[in-house]
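K.L.:
Sharing a sequence plus its predicted fold:
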Amino acid sequence: MADVLRMTNISKAFFGVTVLDHVNFDVRRGEVHALLGENGAGKSTLMNILAGVYARDGGTVEFNGKRLDHATVQSTESAGIAFVHQELNLFNDLKVYENIFLRKELLNPLGFLDKKAMVRKTHELFESLGVDIDPTAPVSELETSKKQLLEIAKALFASAELLILDEPTTALNNTEIEHLFAIVRRLKAGGKSFIFISHKMNEVFTIADRYTVLRNGALIKTGDIADTTPHDVTRLMVGSKYSSEAYYEPRTLGEPILELRDFSGVGFQHIDLTIRRGEVIGFTGLKGAGISELMQTLFGVRPVLGGEIRIAGRVVSRHGVHQAMRAKVAMIAANRKENSVLPDMSLLENMYVSEHTLSLRRPVIRAKAEIGKYRALRATLGIKANDHTDAITSLSGGNQQKVILARWLNTQADILLMDNPTQGIDVGAKAEIYKLILELARAGKTILVNTLEIPEIQKMADRCIVFFHGGIQAVLDRSEITEENVMLCATNVVTAKEALQRHG
């Protein structure tokens, strides 16, 4: 099978620090090639060089047999390379068809925009892909999964032959992932090629034909997926740091700190639950089961529609974000880019912003004291960062998440709500997050984690709460948490009791 892409001896340094060291990478026509490595391994830099965002310091790039020298974003797009970023590059204020035809607008004989023709061609494109999206809908109203498909459709409309998919399934449920993979397979059969970047080994082994692993800016190995295992690939990614040990340790739990009685809100109803101080609870279920909505309501973002909530034995009568913060409840929201990271602020400002909100009667920020707290939390959480004045966007995803965690620990929060906290971070950073969660639990913090990944729950949770259609379907003790038990309950195949009788 002929190569559609060949990158040879690619080197790149930033401010004297080598981030790519003579890396070789190739993609064959009609294949899905997984590009793997921890955050900071060099994947993004290599792809940004391919896409024309960065200029390489050395090496050559050939696409369809032609050298790509002095590449720019526009020239690589024109050559047939499309980069579908994890953080989608769509214009929310425009309609779907307007995003598709941006800079490629069709005009009628009078020189005006031909809306009907653009809508018709957009519909034909979606129909060919099996995508159900209204061409005239505002992009702002689309679900994240449909935005992802729109981004891919946009790339195909631009006649892309090679698509770089960067963490394309982060916000998708299992059904949506299967649909995306069906589209990828169909396009692959038609000769399209894909570079697939993901931290989810099950997906890599489902969709990819070959893999390449980078570590610390160097090529570690390229091979066929059929000739390796997820365990072996993970070991290649993290090197000597890799450990398959279970992180969980039993602890003595404290008194009840969070009690819900017939608790209801938008997307969930009639929740009865008691959670103890120092407990780690894993929440899971199919996407849309109501867990994110429950967490947002507990944090005061959404209204309480019924029932009672007690925090540390006290009934919460008025419940908004500030009331939750004063009650020492904190939330690490899903999608940190949109909901947590303040990109125009420094690491220090990102850390103290919540604590300062709680201390409005002390409007003066004492820089020396805040810097001291930042340094202490940086050491406690193992945040890999330089100066406190650096932008938070200069950090990897895992370290950004640690800064957000530092923000809430700085408020002295006792209850931490974590909605998909390891989204978009690599296997090594995930392990660090798991260990931090357990260290915080040993220190008496109570932690509620929402995740679709059952192995995450097995590594750290005392109990697993399985949701189905806005309600609690099962409460599983640690010994009962298996992928099969959880999925049987999450899909409403059986009740918790039946699952345990069948497999317990």
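P.N.:
Right, received. Where do you want to start?

K.L.:
Quick one: end-to-end distance for stretch 74-90.
P.N.:
End-to-end span of stretch 74-90 (Cα to Cα, to the nearest Å): 17 Å.

K.L.:
Need the contact partners of that stretch.
P.N.:
The contact list for stretch 74-90 (Cβ atoms under 8 Å, 6 or more residues apart in numbering) reads 47, 50-52, 63-64, 66, 68, 99, 139, 147-148, 150-152, 154-156, 158-168, 170, 337, 424. Just so you know, the C-beta spots here come from the backbone N, C-alpha and C atoms, and that holds for glycine as well.

K.L.:
Please apply the same query to stretch 431-449.
P.N.:
Against stretch 431-449 from outside (Cβ under 8 Å, 6+ apart): 243, 247-249, 251, 254, 257-258, 275-283, 295, 298, 381-382, 398, 401-402, 405, 409, 413-418, 421-422, 425, 456-457, 459-461.

K.L.:
mind listing what's buried in it?
P.N.:
Buried residues in stretch 431-449, counting neighbours by 16 or more other Cβ atoms under 10 Å, are found at 431-434, 436-438, 440-441, 445-449.

K.L.:
For it, C-alpha coordinates in CSV please.
P.N.:
Presented in CSV, the C-alpha positions along stretch 431-449 are these (Å, rounded to 0.1, in the frame of the first residue of the first chain):
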residue,chain,number,x,y,z
ALA,A,431,-2.6,8.0,37.2
GLU,A,432,-1.5,11.1,39.0
ILE,A,433,-5.1,12.4,39.2
TYR,A,434,-6.3,9.0,40.6
LYS,A,435,-3.6,9.1,43.3
LEU,A,436,-4.4,12.8,44.1
ILE,A,437,-8.1,11.9,44.6
LEU,A,438,-7.2,9.1,47.0
GLU,A,439,-4.7,11.3,48.9
LEU,A,440,-7.4,14.0,49.3
ALA,A,441,-9.9,11.3,50.5
ARG,A,442,-7.4,10.2,53.1
ALA,A,443,-7.2,13.8,54.2
GLY,A,444,-11.0,13.8,54.7
LYS,A,445,-12.2,15.3,51.5
THR,A,446,-15.4,13.8,50.0
ILE,A,447,-15.2,13.3,46.2
LEU,A,448,-17.9,12.5,43.6
VAL,A,449,-16.5,11.5,40.2
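
K.L.:
Look at the closest residue to Ile481 other than its chain neighbours and tell me its secondary structure.
P.N.:
Nearest non-adjacent residue to Ile481, counting by Cβ to Cβ, 6 or more residues apart in numbering: Cys464, 4.7 Å away. Using DSSP: H, G, I helix; E, B strand; the rest coil, the structure places Cys464 in strand.

K.L.:
Looking at strand pairing, list the partners for Cys464.
P.N.:
Counting by DSSP bridges, Cys464 forms beta bridges with Gly282, Leu476.

K.L.:
again with His33
P.N.:
Beta-bridge partners, per DSSP bridges, of His33: Ile195, Arg210.

K.L.:
how much space between the spatially closest residue to Leu5 that is not a sequence neighbour and Gly52?
P.N.:
Nearest non-adjacent residue to Leu5, counting by Cβ to Cβ, 6+ apart: Val27, 4.2 Å away. Shown here: Val27 relative to Gly52, a distance of 17 Å by Cβ to Cβ, to the nearest Å.

K.L.:
neighbour count winner among the two?
P.N.:
More crowded of Val27 and Gly52, by other Cβ atoms under 10 Å: Val27, with 24 against 20.

K.L.:
show me the contacts for that one.
P.N.:
So Val27 contacts 3-5, 33, 162, 193, 195 (Cβ under 8 Å, 6+ apart).

K.L.:
Just the buried ones from the contacts of stretch 74-90?
P.N.:
For those, a burial check counting by 16+ other Cβ under 10 Å picks out 47, 50-52, 63, 68, 99, 139, 147-148, 150-152, 154-156, 158, 160-168, 170, 424.
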